[in-house]
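*Asks:* I would like the atomic coordinates for the input below:
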Amino acid sequence: MRVFVTGGSGRIGRHLIAALIERGDQVLALARSAEARQKVEAAGAEALIGSLDDAEVLARACSASEIVFHLAGGVRGKGQQTPHRLNVEGTQALLAAGPKRLLFVSSAAVYGDRSNLWVEEDFEPSPNTRYGRSKAEAEALVRAHGEHTIVRLAAVYGPGFEMMMEQRIRAGQAWLPGEGRNFMPLVHVDDAVAALLHVQEEGGIWHVAGPEQPSLGEFFAHVHRALGKGRPVRFWSTWLPSYLQQSLARNNERLQSRIGGRPRFTPDALKLWTASVRLRTDKLRDSGFQWRWPLVEGGVRAAIGS
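*Replies:* The predicted model follows:
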């Protein structure tokens, strides 16, 4: 099969490309820079230099491919690269190029904060962040397009993923907002990629998450134990009032936007780290999917290599 991947130079994208190549597919991946091109080619794909702003490049890639895996996007980019620009405008540009079939990687963030509630695929989105709203809006565009599959993906962890916070834990400098009691859907990158391949022809909306969904505090306790060193993640909300956190985050985002930086401490980041929702994965299980890492502890140990 001929496959086009956007976001192929990212951590998930590189794992996906490797799995597609192993399956025997011919893979073309979008690369914005020389560095991205090296990553794409190292993963085994043919790199197509360009971006989601390049209509001609996208049209050529879509016409040459039987399916597009659309991973490109993000929570926040540099300067004026807002969630709307990254997720909505990027998806609009890709759809205008006419993909024959599309698998769109959305996010559990479309559900916002559900106060620990388990949700199924037919639950209506109720995002509480700009990122979540941009993903929900992009989903609506995809549904109006034609042949498609939408994956609402959990937070992905694995070897070298920022989600693990390994270096900060080792250095005793790992801090997060909230109290760690909230539930953030999680999935190991091996299972995330396997699930994308599993549902690519199925159509509709799918949750891709691990069957075990611990609290955020429990997840990082697993990481700390697997590392065997450093200091566990500490949660700062008991010391810093929420109104002050939000004010500091807004000011930081404005400053970074003006100077062209990539703000990480933002109002969206605070809400994403403290939201609590759990994704039901019955549909994925009943379709015959089998997780390689159904238990988070095992997945974390495999990711760290302990």
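*Asks:* okay, strands next: where are they in the stretch 101-250 of the chain?
*Replies:* Remark: strands assigned in the stretch 101-250 of the chain by DSSP state E, counting those that start in this stretch are 102-107, 118-119, 148-153, 155-157, 175-176, 186-188, 204-208, 234-235.
*Asks:* what packs against the third one?
*Replies:* Contact here means 3 or more C-beta pairs under 8 Å, 6 or more residues apart in numbering; DSSP states H and E; on that basis strand 148-153 packs against strand 102-107, helix 130-143, helix 189-199, strand 204-208. All C-beta spots, glycine's among them, are computed from the backbone N, C-alpha and C.
*Asks:* tell me the most buried of those?
*Replies:* Greatest average neighbour count among the helices and strands packed on strand 148-153 goes to strand 102-107 (a mean of 25), per mean count of other C-beta atoms under 10 Å.
*Asks:* give me the angle between it and strand 204-208.
*Replies:* Here strand 102-107 runs at an angle of 50 degrees relative to strand 204-208 (axes from the mean of the first three to the mean of the last three C-alpha atoms, to 10 degrees).
*Asks:* hmm, back to that, dump the strands of the stretch 101-250 of the chain into CSV; add distance to residue 2 and mean pLDDT as well.
*Replies:* Putting those into CSV (distance: least, C-beta to C-beta, whole Å; pLDDT from 0 to 100) gives the following:
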stretch, distance to residue 2, mean pLDDT
strand 102-107, 14, 98
strand 118-119, 35, 97
strand 148-153, 17, 97
strand 155-157, 26, 97
strand 175-176, 42, 92
strand 186-188, 27, 98
strand 204-208, 23, 97
strand 234-235, 47, 93
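*Asks:* ok so, going back, how about the helices and strands packed on strand 148-153, which one is nearest residue 165?
*Replies:* helix 189-199 (15.6 Å; C-beta to C-beta).
*Asks:* between the closest one and strand 204-208, how big is the angle?
*Replies:* Using the same axes, to 10 degrees: helix 189-199 against strand 204-208 is 160 degrees.
*Asks:* and the gap between the residue nearest to residue 14 when sequence neighbours are not counted and residue 13?
*Replies:* Spatial nearest neighbour of residue 14, chain neighbours left out: residue 43 (4.4 Å); criterion: C-beta to C-beta, 6 or more residues apart in numbering. Per C-beta to C-beta, to the nearest Å, residue 43 is found 8 Å from residue 13.
*Asks:* how about residue 75?
*Replies:* Distance, residue 75 to residue 13, by C-beta to C-beta: 16 Å.
*Asks:* next: residue 54.
*Replies:* 18 Å.
*Asks:* again, but for residue 233
*Replies:* In terms of C-beta to C-beta, residue 233 sits 27 Å off from residue 13.
*Asks:* related to what we said a few turns ago, nearest to residue 301, out of the strands of the stretch 101-250 of the chain?
*Replies:* Closest approach to residue 301 among the strands of the stretch 101-250 of the chain is made by strand 186-188 (10.7 Å; C-beta to C-beta).
*Asks:* partners of the closest one in the sheet?
*Replies:* Strand pairing for strand 186-188, determined by DSSP bridges: strand 155-157 (parallel).
*Asks:* and the contacts of the partner strand?
*Replies:* Strand 155-157 has contacts (C-beta atoms under 8 Å, 6 or more residues apart in numbering) with 11-12, 108, 163-164, 184-189, 192, 219, 299-300, 303.
*Asks:* of all these, which comes closest to residue 96?
*Replies:* Checking the contacts of strand 155-157 one by one against residue 96 (C-beta to C-beta), the nearest turns out to be residue 12, at 24.2 Å.
*Asks:* now do the contacts for that closest one.
*Replies:* Contacts here follow C-beta under 8 Å, 6+ apart; on that basis residue 12 touches 71, 105, 156, 189, 192-193.
*Asks:* helix, strand, or coil at it?
*Replies:* What DSSP: H, G, I helix; E, B strand; the rest coil gives for residue 12 is helix.
*Asks:* sorry, back to before: what would the helices and strands packed on strand 148-153 look like in TSV with distance to residue 225?
*Replies:* Output for these, formatted as TSV (distance: least, C-beta to C-beta, whole Å):
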stretch	distance to residue 225
strand 102-107	28
helix 130-143	30
helix 189-199	20
strand 204-208	26
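*Asks:* and residue 18, which of these is closest to it?
*Replies:* Nearest of these to residue 18, taken as C-beta to C-beta: helix 189-199 at 8.2 Å.
*Asks:* lowest-confidence helix or strand of this protein?
*Replies:* Every helix and strand in the chain was compared by mean pLDDT, DSSP states H and E; the lowest is helix 242-259, with a mean of 66.
*Asks:* following element in sequence after that one, please.
*Replies:* Once helix 242-259 ends, the next helix or strand along the chain (criterion: DSSP states H and E) is helix 267-274.
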